[in-house]
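Asks: return a 3D structure for these sequence lines:
(one chain, ligands or ions: 1)
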Amino acid sequence: MDVPPVRHGDGMTSTPPSPRPRPGTASVSSTTTYETCPRRYRFAHVDRVPVDRAEAPVAWRMGTVVHAGLEAGFRHHQAVGTSTDLDHAVPAACAAVRTAWVDESMPDDPAELARAEATVADALRATRLAPTDILGVEHRFRAETDDGVTVTGISDLVVRTGPGAIEIRDHKVTRSVRTAEQLHGDLQLGIYGWLARRTWPGTDHVVVAHHYPLTRELVRVDLDDAWVDAAVTRLRTVAHRAAADTEFTPTPGDHCRWCVYRAHCDAAAT
Ligand code: SF4
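Replies: Down below sits the predicted model:
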């Protein structure tokens, strides 16, 4: 909509500057997508071009399958668990793995499917967790920054670790285990920490963690204010840039190899 001119007392008119575009909703995914390639951001978050999951790399889809199994296992434990043992949740988790295998158009490979089920079963059996300490499974966060950016995120698992203390866990289906030092400053964990503090204001101790089901490792780091501030500033800055962008200039590179919008893009690196 055009902005109407303003008539001043001296008879002159002027056109006020257009209102700054509202930044809308932002997530870690939208932030890193824009940083990687603004055109990819436009495909994903502006035009919302549908993606054929079969075009996504198999390793990504395997990650989705394992996540689905762990989600079902932890949900089952939260609903009916009676101790810190999660062995009872394995059948529900493996059923979810098999469903996700089909949904994700995974290859017809029984050995790989069995490997996915075993990964999920082993990870659950290695976990000790009281069902009443599970605050959220695939927990959907939503909170607004002071300058109007709605931040959303889905955390794999949120657990209570003590009075006023919570731990946010993100499952990573990879053998490339990062150290606590490497995790410090991670954008995703910093944003999840900020969202958790907004969601549970009484929390005075937040630990963020990567859970590696393939190696059964849990790498924990204490969240600190500087980390959270840097993460939120980065997300807000990108959200405002994306809201004001009208060109979405492509930035082709190695990342084009994994871009699910390659078929739609005339700028893809070859
Ligand atoms: S193919 Fe490359 S240039 Fe095109 S949208 Fe994807 S990442 Fe950007």
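
Asks: got a list of what Phe248 touches?
Replies: Pro38, Arg39, Tyr41, Arg42, Val46 (CB atoms under 8 Å, 6 or more residues apart in numbering). Any C-beta I mention is one placed from the backbone N, CA and C, and that applies to glycine too.

Asks: 7 Å instead?
Replies: Contacts for Phe248 (CB atoms under 7 Å, 6 or more residues apart in numbering) come out as Pro38, Arg39, Tyr41, Arg42.

Asks: can you sort out which of these also neighbour the ligand?
Replies: Checking the contacts of Phe248 against the ligand by CB under 6 Å from any ligand atom, the ones in range are Arg39.

Asks: so which of the contacts of Phe248 is the most crowded?
Replies: Using other CB atoms under 10 Å as the neighbour test, the contacts of Phe248 are led by Arg39, with 25 neighbours.

Asks: got the residues of the stretch 151-270 of the chain near the ligand?
Replies: With the criterion set to CB under 6 Å from any ligand atom, the stretch 151-270 of the chain comes near the ligand through Pro250, Pro252, His255, Cys256, Cys259, Tyr261, Arg262, Cys265, Ala267, Ala268.

Asks: switch the residues you listed over to a markdown table; also include neighbour count, pLDDT and secondary structure.
Replies: Formatted as a markdown table, these follow (neighbours: other CB atoms under 10 Å; pLDDT from 0 to 100; DSSP: H, G, I helix; E, B strand; the rest coil):
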| residue | neighbour count | pLDDT | secondary structure |
| --- | --- | --- | --- |
| Pro250 | 19 | 97 | coil |
| Pro252 | 15 | 97 | coil |
| His255 | 13 | 95 | helix |
| Cys256 | 19 | 95 | helix |
| Cys259 | 23 | 92 | coil |
| Tyr261 | 18 | 93 | coil |
| Arg262 | 14 | 91 | helix |
| Cys265 | 17 | 95 | coil |
| Ala267 | 12 | 96 | coil |
| Ala268 | 17 | 94 | coil |
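
Asks: ok, those vs Asp225, which is closest?
Replies: Asp225 has its nearest neighbour among those in His255, at 31.7 Å by CB to CB.

Asks: state the distance from the nearest residue to that closest one once chain neighbours are set aside to the ligand.
Replies: Nearest residue to His255, sequence neighbours excluded (CB to CB, 6 or more residues apart in numbering): Thr36, at 5.4 Å. From Thr36 across to the ligand, the span is 7 Å (CB to the nearest ligand atom, to the nearest Å).

Asks: shouldn't Thr36 be in contact with Asp254?
Replies: No. Between Thr36 and Asp254 there is no contact under CB atoms under 7 Å: 10.3 Å.

Asks: between those two, which one's more packed in?
Replies: Neighbours were tallied for Thr36 and for Asp254 using other CB under 10 Å; the higher tally belongs to Thr36 (16 against 7).

Asks: and the contacts of stretch 103-114?
Replies: Stretch 103-114 has contacts (CB under 7 Å, 6+ apart) with Arg53, Ala54, Arg61, Thr64, Val65, Arg98, Trp101.

Asks: of all pairs in the residues you listed, which one is the farthest apart?
Replies: Farthest pair in these, by CB to CB: Ala54 and Arg98, 17.8 Å.

Asks: so between these two, which is more surrounded?
Replies: Shown here are Ala54 and Arg98; by other CB under 10 Å, Arg98 has more neighbours (15 against 10).
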